[in-house]
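Peer 1: Generate a structure from the sequence data that follows.
(one chain, ligands or ions: 1)
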Amino acid sequence: MPLFRNIHHNPHFFTDPQKFDPSRFEVAPKPNTFMPFGSGVHACPGNELAKLEMLIVTHHLVSKFSNIFVGFCRWVVVGSESGIQYGPFPVPQQGLRTRFWKESTT
Ligand code: HEM
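Peer 2: Sure, this is the predicted structure:
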C-alpha cells in the first residue's frame, strides 16, 4: 500500500503541505497525487458509501444546526482543536468532541 499521507503532504506537489487547506486537492497537480481512497485493485470499496455518509452528515449540520444566510452555527468544538493521530489514517487526537444545540429562531 502506498504511503498516501506522504504523497498528500509532499512539498514537491503542494506548497505549504502541512497547512490544513483541503482546497489544494480540488485540482490534483499531477496524476495520483490525491488518493484518499487508494488506487488499483485494493482501492477502497467503501468509497461511494463514505462520501454519501459525509454528504448526509454535512446536510444535517447545515440544515438543522446552522443558517448560512444569517451566518450562525449551533455547534462548537469542545476541548482541543489541534492534534492529529495516525492509525494510519489521520483523525483528530482523542476524537473531536463537539456540542450541538437547537434554539428557537423566533
Ligand atoms: C472516509 C472514509 C474512508 C477512507 C478515507 C478510506 C480509505 C481507504 C484506503 C486508503 C484504503 C486502501 C486502498 C489501497 O490499498 O490502495 C481502503 C481500503 C479499504 N476500505 Fe476504505 N476508506 C473509507 C471508508 C470505508 C468504508 C465506509 C468501507 C466499508 C463500508 C471501507 C472498506 C474498505 C475495505 C474493505 C478496504 C480494503 C480493500 C482491499 O484491500 O481490497 N472503507 N480504504
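
Peer 1: Now do the helices for this structure: every range, in order, please.
Peer 2: Remark: helices assigned in the chain by DSSP state H are 4-8, 47-65.

Peer 1: ranking the ones you listed by burial, who's on top?
Peer 2: With neighbours defined by mean count of other C-beta atoms under 10 Å, none of these is more surrounded on average than helix 4-8, at a mean of 15. Bear in mind the C-beta positions are built from the backbone N, C-alpha and C, glycine included.

Peer 1: pLDDT (mean, whole number) over that one?
Peer 2: Across helix 4-8, pLDDT averages out at 86.

Peer 1: The ligand versus the most centrally placed residue in the chain, what's the distance?
Peer 2: Centrality entry for the chain: nearest residue to the mean C-alpha point is residue 22, 7.6 Å, by C-alpha atoms, centre = their mean. Using C-beta to the nearest ligand atom, to the nearest Å, one obtains 13 Å as the distance from residue 22 to the ligand.

Peer 1: Check what pLDDT that residue gets.
Peer 2: 85.

Peer 1: ok now do it, which residues does it touch?
Peer 2: Taking C-beta atoms under 8 Å, 6 or more residues apart in numbering, we find residue 22 in contact with no residue.

Peer 1: begin at 6 from here
Peer 2: Let's use 6 as the start, then, which means that last one is residue 27.

Peer 1: still on that earlier bit, can you say which of the helices of the chain is nearest to the ligand?
Peer 2: In terms of C-beta to the nearest ligand atom, the element of those nearest to the ligand is helix 52-70, at 3.5 Å.

Peer 1: Can you spell out which helices and strands pack onto that closest one?
Peer 2: Taking 3 or more C-beta pairs under 8 Å, 6 or more residues apart in numbering; DSSP states H and E as contact, there are no helices or strands that helix 52-70 lies on.
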